[in-house]
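Visitor: quick one: sequence and predicted model below, then my questions.
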Amino acid sequence: MSPLDVAKLRADFPLLSRTVRDNRPLVYLDSGATSQRPRQVLDAERAFLEQHNAAVHRGAHQLAEEATDAYESARARIAAFVGARPNEVVFTKNATEGINLVAYSLGNASIGAVDAYAAARFALGPDDEIVVTEMEHHANLVPWQELCRRTGATLRWFGVTSAGRLDLDDDPISEHTKLVAFSHQSNVLGTVNPVKELVARARAVGALVLLDACQSVPHSPVDLAELGVDFAVFSGHKMLGPSGIGVLYGRAELLAAMPPFLTGGSMIELVRMEGSTYAPPPQRFEAGVPMTSQAVGLAAAVDYLNSIGMATVAEHERELTEAALVRLADVPGVRIVGPTELVSRGGAVSFLVEGVHAHDVGQVLDDRGVAVRVGHHCAWPLHRRFGVAATVRATFAVYNTLHEVDALVDGVRAAQTFFGVG
Amino acid sequence: MSPLDVAKLRADFPLLSRTVRDNRPLVYLDSGATSQRPRQVLDAERAFLEQHNAAVHRGAHQLAEEATDAYESARARIAAFVGARPNEVVFTKNATEGINLVAYSLGNASIGAVDAYAAARFALGPDDEIVVTEMEHHANLVPWQELCRRTGATLRWFGVTSAGRLDLDDDPISEHTKLVAFSHQSNVLGTVNPVKELVARARAVGALVLLDACQSVPHSPVDLAELGVDFAVFSGHKMLGPSGIGVLYGRAELLAAMPPFLTGGSMIELVRMEGSTYAPPPQRFEAGVPMTSQAVGLAAAVDYLNSIGMATVAEHERELTEAALVRLADVPGVRIVGPTELVSRGGAVSFLVEGVHAHDVGQVLDDRGVAVRVGHHCAWPLHRRFGVAATVRATFAVYNTLHEVDALVDGVRAAQTFFGVG
Amino acid sequence: MRLSQMYQEIILDHYRNPHGAGLREPFDAESFQINPTCGDEVTLRVALKRDSTGEPVVADISYYALGCSISQAATSMLTDLVVGCTVADSMHIVGAFKHMVQGRGAVEPDEDVLGDAVAFAGVAKYPARVKCALLGWMAYQDAVARAVEAPAGPSQNGAGR
Amino acid sequence: MRLSQMYQEIILDHYRNPHGAGLREPFDAESFQINPTCGDEVTLRVALKRDSTGEPVVADISYYALGCSISQAATSMLTDLVVGCTVADSMHIVGAFKHMVQGRGAVEPDEDVLGDAVAFAGVAKYPARVKCALLGWMAYQDAVARAVEAPAGPSQNGAGR
Ligand SMILES: Cc1ncc(COP(=O)(O)O)c(C=O)c1O
Ligand SMILES: Cc1ncc(COP(=O)(O)O)c(C=O)c1O
């Protein structure tokens, strides 16, 4: 094992010590859907609420100053965590909102009398194309379908090979491409996509790049500036932080040129009944009273991850993933959907059990206290690509143990026995 | 005083016992911007996170079931609090998002190949008009300006009389009006607008009605079904609940017909690379992992308010407002901006101090531990209407006392003395 | 073991040997239903006839289903229960089945109405599986509604507008 | 009392009798700045000339301001400090002023550069008032930039695109 005292670390997570279903210890292997929070995060949020809570960027009294400081300090720490500058970090309610923000901002540049510069730079029309991949989470697919519907642009996509990799040979990127949006790590296959290669191809045709980093930022060191993407999104609740907060990263120069998305208080410069002008980013994209305590909680999560070290996190999860792949491969009738070797691969392990539907496998696992996800994991086209409706998915976080991997594998065998296919 | 043991109740709010600026007891009169939370709300959220946290509506394991139950139970309790049915409540990140949701949904019905029914019902074009008022918060103004910009529709508005009431005689509602959006209670003037009268006028021309209930739901009993509005919004953080959560109420039949706004996971029915179909409301409007623990916290806030009784809350705040209006009127040089009598009036008390800028008044108050808001309070056109850039605003919540009203009035006198205008 | 409460032997039997599976002609209406969380789907056809009093009666149910043991077995059991019933009686059975599986385990099922389908009472304790149990039943309800309104023609659940 | 640290007598003096107030002609550039949180605004004009060595020098600053004591006094003091300076020197003063008021009270102000404007050191401890102190100074910086780029013509802060 890595130089990580997992037992000690688990003591920080109150939920992990609970039992489920007739007193079975919980084996939580669903962190890819949402992670659990250490008490450090819960405490940080509570301390803020008991001592400094106020509306940020609006008040002139001491509490408002303190709340604003806490909020902006959180922004700075979260930005640093992913190699960004504070003014490149916009807080959203989740990653999904971040992607929609970009999609609607481009859409807004395409309709009505916005300023000519934004229109020239961002407007989409029937000649334009957006490129995604067949392995995207719905969050990074449906907003682009909808943007295409609104602007007349066309959606194209990279296919996925049977090994669970992007088919880079059949490349839909062309001079028509305005934006390339793809996940850093697939939430189903575990595949880590070749960001720099895709950025290079997008750059060659002048297209923007949006990276869905929901499944990478919580699990490995990520430097967005170094990756060279234009936009990236990730969610607090998947990285030991609160729900209700996500991050949109955008290169400063782009955010500065983009029209707003949500409008209202705190994002304005000047408001008249006849029309309004807008504040510089990141405020321009944060309308209304924001998720203040959640930003504080997310910054505490980042501090917590930093105190472990993201390289250590990644190494620990690599060991868990390797164990899961190896031990599941030993079970006859189990088929991994996604890469089976550890090259460019993170810790989402999805699989099928011959003769037992994923829902039924999940039910047997749940009965034994093992929490996994079953279904299409918000990646329905990817499942269709593999000819299945549903898979079983185990996902890991820094608090999981090899013992829990064993519990998973034992549970899968038990499901086979129960359904008489073992 | 009302039959409310305020001292006992204040003990529930940890933040209220802190001191500011050289050990002065905090006098928090900025609840109109954001309220403080009782420990019951903090505890409910923490208990959820320590025991039941999981991604809702996605998992089949026990935690996911419990989390989904907690989330949907929260929805039901919050819906009941405002006279709505659970499927009429959509969770948003704040009230601002709720208004934008409606604006963008109407906008989406206006562009591209949406289904014909939604287009016929909701689409806006150059012949159409949206009506707001001059007293709106930017959150209920700028989204409509932007929607008009995108669709070619025209924005019209009710003016405000010098007494701080809507000028109902100069009525911009006509057969062109598609939507009338207005605040239940002004966050600056305290004015409570005549909802039923405005609903009747809107109905007469077949227009939809959106009510900005941000400043009413936290302070008095509100039954949205009985008011007869089509949409309403309010924010958790203004009603003793968490930040990062707001509510959009929409009549079931309307939500069912409206196109989606944010798209992604959990709001879909069927996803193919070529296009997607959408789930019924409220899921259709809740893309991505939602603000789960925040919904639980908001429901706890609703339970807390119910345990006091909203009529008691309203009566208590009425007494505070009356005291503030009477005692401030006694101070020469103070001018209330807004109604001075208590008829159709809630507890936002904004005022000017002759010869002292609002920022400077606020600074003196802050120095004495009294936290008020200074500026335009996100209602810049309203301030322009009254010919001022900034006012001082005191707002009350159920935990405020008459003693705190005195601290405010004393502070105002001190500001006059300090700046030599007393 | 709690599992055996849910997966009663009769459920596993229907799963392994679904009754009335396959898509047949003629039919009066068809419904396609999906479970958006797991991607399971069913296409179900209903053929009606009139009995001697002129009342509509279920002549046949045929279906093609992709799904877990619960959804497959529930659809299979549906056909056993409602084929041959009057449409009105079948709706009563559907109502009782919905009431039971949505009842959170608090509803005492009526074996006279539900017959073998009382075996699904255990599913009621697993909210995430309730949709599985109902998939075929909702398709049936939808198809009958269509057959009664305007005979023939396929359809899909209409939430997607 | 902390208040008197912020509102030093000299600040109140400038507030009551602002130096150089009013809008005058001729001018080389104008800037309109607002404080979006409180709605305060300033319109500020700058007129430049050349000194004997050909260097640009600030000939006049004129302004119309709506705002609190801090913003009014800061603008007034600005005119005292920079009128007559070379543009280059004035930029040095602006830099030092910004550094001081944004310094959270941790920056020791240089009285040689800032003169009476060191009185604003107390504002640095009130982050919400920093924008007030800077309003006129940002307008000056913007106007000078415009005057140097392309003389004459009003402007507004450009964030609103
Ligand atoms: C009347 C009114 N409407 C809308 C809002 C916006 O609420 P939020 O910032 O929570 O979205 C507020 C509060 O700021 C308000 O007072
Ligand atoms: C790859 C990927 N993208 C996007 C999302 C959406 O994140 P959220 O639901 O927090 O918006 C998820 C998680 O659900 C994800 O795994």
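Guide: Done, it's in. Ligands and ions are numbered 1, 2, ... in the order given.
Visitor: any regions of the chain where pLDDT drops low?
Guide: Assuming you mean chain A. Where chain A drops to pLDDT under 70, the residues are A:1-2, A:113.
Visitor: think we crossed wires, I meant chain C
Guide: If you take pLDDT under 70 as the line, chain C has these spans: C:1, C:150-161.
Visitor: ok, which stretches of it are strands?
Guide: For chain C, applying DSSP state E gives strands covering C:29-34, C:41-50, C:56-66.
Visitor: looking at these, which is closest to chain B?
Guide: strand C:29-34 (5.9 Å; Cβ to the nearest Cβ). C-beta: built from backbone N, CA, C; applies to glycine.
Visitor: for the closest one, what is the distance to the chain centroid?
Guide: From the chain centre to the centre of strand C:29-34 is a distance of 11 Å (Cα atoms, centre = their mean, to the nearest Å).
Visitor: and if you look at stretch A:337-344?
Guide: 19 Å.
Visitor: contacts for it?
Guide: Contacts to stretch A:337-344, defined as Cβ atoms under 8 Å, 6 or more residues apart in numbering or on different chains, come from residues A:163-165, A:186, A:188-194, A:318, A:321-322, A:325, A:329, A:345, A:348-352, A:386, A:388, A:391.
Visitor: most tightly packed of the strands of chain C?
Guide: strand C:29-34 (a mean of 22; mean count of other Cβ atoms under 10 Å in any protein chain shown).
Visitor: now the longest helix along chain C and strand C:56-66, what's the angle there?
Guide: Ordering each helix of chain C by length in residues (DSSP state H) puts helix C:127-149 first. Angle between the axes of helix C:127-149 and strand C:56-66 is 130 degrees (criterion: axes from the mean of the first three to the mean of the last three Cα atoms, to 10 degrees).
Visitor: list the buried residues for helix C:127-149?
Guide: C:127-144, C:146-147 (16 or more other Cβ atoms under 10 Å in any protein chain shown).
Visitor: same check on stretch A:149-160?
Guide: A:149-151, A:153-158, A:160.
Visitor: what of stretch A:77-91?
Guide: A:77-79, A:81-82, A:84, A:86-91.
Visitor: in the chain, which residue is most central in space?
Guide: This is for chain A. Geometric centre of chain A, nearest residue: A:Cys214, 1.4 Å, by Cα atoms, centre = their mean.
Visitor: actually chain C
Guide: Central residue of chain C (Cα atoms, centre = their mean): C:Trp137, at 2.5 Å.
Visitor: SS state for A:Val398?
Guide: A:Val398 falls in the coil class when you classify it by DSSP: H, G, I helix; E, B strand; the rest coil.
Visitor: what does chain A have sitting close to ligand 2?
Guide: Contact residues, chain A versus ligand 2 (Cβ under 6 Å from any ligand atom): A:94-96, A:137, A:139-140, A:183, A:187, A:212, A:214-215, A:235, A:246, A:378.
Visitor: want to throw the residues you listed into a markdown table with distance to ligand 1 and secondary structure?
Guide: Below are the residues of chain A next to ligand 2 laid out as a markdown table (distance: Cβ to the nearest ligand atom, whole Å; DSSP: H, G, I helix; E, B strand; the rest coil):
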| residue | distance to ligand 1 | secondary structure |
| --- | --- | --- |
| A:Asn94 | 17 | coil |
| A:Ala95 | 20 | helix |
| A:Thr96 | 18 | helix |
| A:His137 | 27 | coil |
| A:Ala139 | 23 | helix |
| A:Asn140 | 26 | helix |
| A:Ser183 | 30 | strand |
| A:Asn187 | 30 | coil |
| A:Asp212 | 27 | strand |
| A:Cys214 | 25 | coil |
| A:Gln215 | 30 | coil |
| A:Ser235 | 21 | strand |
| A:Gly246 | 17 | strand |
| A:Cys378 | 27 | coil |
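Visitor: so which of those residues are also by chain B?
Guide: A:94-96, A:137, A:139-140, A:235, A:246, A:378 (Cβ under 8 Å from any Cβ of the partner chain).
Visitor: among those residues, which pair sits farthest apart?
Guide: Taking Cβ to Cβ, the two most distant members of these are A:Gly246 and A:Cys378; they sit 15.0 Å apart.
Visitor: residue of the stretch 201-350 of chain A nearest ligand 1, please.
Guide: A:Gly288 (3.0 Å; Cβ to the nearest ligand atom).
Visitor: grab the nearest non-local neighbour of that residue.
Guide: B:Thr96 (3.0 Å; Cβ to Cβ, 6 or more residues apart in numbering or on different chains).
Visitor: contacts only, for the one you found.
Guide: Per Cβ under 8 Å, 6+ apart, neighbours of B:Thr96: A:262-265, A:287-289, B:139, B:143, B:246.
Visitor: surely C:Ala96 touches C:Leu114?
Guide: Yes. Assessed by Cβ atoms under 8 Å, C:Ala96 is found in contact with C:Leu114 at 5.6 Å.
Visitor: ok, stretch A:55-66 near chain B or not?
Guide: Yes. Using Cβ under 8 Å from any Cβ, stretch A:55-66 comes into contact with chain B via A:55, A:58-64.
Visitor: now A:Glu322: how far from chain B?
Guide: 24 Å (Cβ to the nearest Cβ, to the nearest Å).
Visitor: from the chain's centre, how far out does the helix or strand containing that residue sit?
Guide: For A:Glu322, the enclosing helix or strand under DSSP states H and E is helix A:310-329. Taking Cα atoms, centre = their mean, one finds helix A:310-329 lying 19 Å from the centre of the chain it belongs to.
Visitor: also stretch A:216-228?
Guide: 12 Å.
Visitor: ends of that stretch, what's the gap?
Guide: Start-to-end span of stretch A:216-228 (Cα to Cα, to the nearest Å) is 15 Å.
Visitor: how about stretch A:136-155?
Guide: 13 Å.
Visitor: next: stretch A:12-32.
Guide: For stretch A:12-32, the end-to-end distance is 19 Å (Cα to Cα).
Visitor: likewise for stretch A:210-221?
Guide: First-to-last residue span, stretch A:210-221, Cα to Cα: 18 Å.
Visitor: ok, stretch A:392-403 next?
Guide: Start-to-end, stretch A:392-403 (Cα to Cα) is 19 Å.
Visitor: how about it: buried residues?
Guide: Within stretch A:392-403, the residues that count as buried by 16+ other Cβ under 10 Å are A:392-402.
Visitor: burial of the closest residue to A:Ala109 other than its chain neighbours, as a residue count?
Guide: Using Cβ to Cβ, 6+ apart and skipping the chain neighbours, the partner closest in space to A:Ala109 is A:Phe122 (3.6 Å). Neighbour count of A:Phe122, defined by other Cβ atoms under 10 Å in any protein chain shown: 22.
Visitor: who touches A:Phe122 in this structure?
Guide: A:105-106, A:109-110, A:257-259.
Visitor: okay, those in TSV with neighbour count and secondary structure next?
Guide: Compiled in TSV, those are given as follows (neighbours: other Cβ atoms under 10 Å in any protein chain shown; DSSP: H, G, I helix; E, B strand; the rest coil):
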residue	neighbour count	secondary structure
A:Ser105	23	helix
A:Leu106	27	helix
A:Ala109	22	helix
A:Ser110	23	helix
A:Ala257	19	helix
A:Met258	24	coil
A:Pro259	24	coil
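Visitor: which two in these are spaced the farthest apart?
Guide: Going by Cβ to Cβ, the pair spanning the contacts of A:Phe122 furthest: A:Ser110 and A:Ala257, at 14.2 Å.
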